[in-house]
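Peer 1: Fold the following, please.
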Amino acid sequence: MRPQHQTVMVPKDADGKVGDCFCTCVAMLLDMDRADVPNFLEKGDGWALALNAWLHPKGLAYIEIVENDGWPFAALETRYPLWGIAVGPSRRGDWNHAVVATLWSRAGDLPVCNMKHDPNPIGDFIPRVTSFGFFVVLQPSQVIAHSVAHAEVT
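Peer 2: Numbering: from 1, shown residues only. Model (predicted):
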C-alpha cells in the first residue's frame, strides 16, 4: 500500500467537487494512483453500485458492514488483519470521513480496528467507526491458480 492524500477535503467544495477521502482509500488498498479511481461518492446513494460495477472487471467486490446498535463486528473472527476502509464521523466537521484500517480478532475477543492511514494530510483519523468495508474476490479459484503459477515461476 502506497499512502496518498485526498485532494478535496470537505464533502462538497466551493466548485461543487465531492470529497474524495473514500476513493483515495480505494486507490491505496488496490495499489493504484488516486487519479485512476473514480470518485464514487459523486453518485450519491448509488455509490456502492458504481464502485462494484467498477470493481467487477477486476474480479473484486466491496462489502460494507454498517454499525447497528453498537459495534457491528462482534461475531467476526478474522484471526489475521483484514485490510479495508473504516468510516466514521470527521473530526473537522459534520460529515463522515474514510480512512484505511485493519480489522482483526481472536476467538472470543471483540474485533479491534486499527487505523493505518488517513488520506487527509492533517491525519487526525476518526473518533469511532460506524462502518467497515473490505474487498472480496469474486472467484477464489482464480486467486489460487494465480498463486500456484506465480510460485512455480519463482
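Peer 1: could you give the mean pLDDT of stretch 142-154?
Peer 2: With pLDDT averaged residue by residue, stretch 142-154 scores 72.
Peer 1: what's in contact with it?
Peer 2: Gly59, Val137 (Cβ atoms under 8 Å, 6 or more residues apart in numbering). Every residue, glycine included, has its C-beta placed from N, CA and C.
Peer 1: Can we start the residue count at 41 from this point?
Peer 2: Sounds good: first residue 41 from here, last item stretch 182-194.
Peer 1: Could you tell me which ranges of the chain sit under the pLDDT cut-off?
Peer 2: For the chain, applying pLDDT under 70 flags the ranges 109-116, 146-148, 190, 193-194.
Peer 1: swap the cut-off to 90 and go again
Peer 2: For the chain, applying pLDDT under 90 flags the ranges 50-56, 105-120, 143-153, 181-194.
Peer 1: Could I get the full set of strands for it?
Peer 2: Applying DSSP state E to the chain gives strands spanning 100-106, 122-129, 136-144, 152-157, 171-177.
Peer 1: Return the most buried member of these.
Peer 2: Most buried of those, by mean neighbour count (mean count of other Cβ atoms under 10 Å): strand 136-144, with a mean of 22.
Peer 1: Each with direction, which strands does that one pair with?
Peer 2: Note on strand 136-144: by DSSP bridges, its sheet partners are strand 122-129 (antiparallel), strand 152-157 (antiparallel).
Peer 1: export those to a markdown table and tack on distance to Tyr102?
Peer 2: Formatted as a markdown table, the strands paired with strand 136-144 follow (distance: least, Cβ to Cβ, whole Å):
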| stretch | distance to Tyr102 |
| --- | --- |
| strand 122-129 | 8 |
| strand 152-157 | 17 |
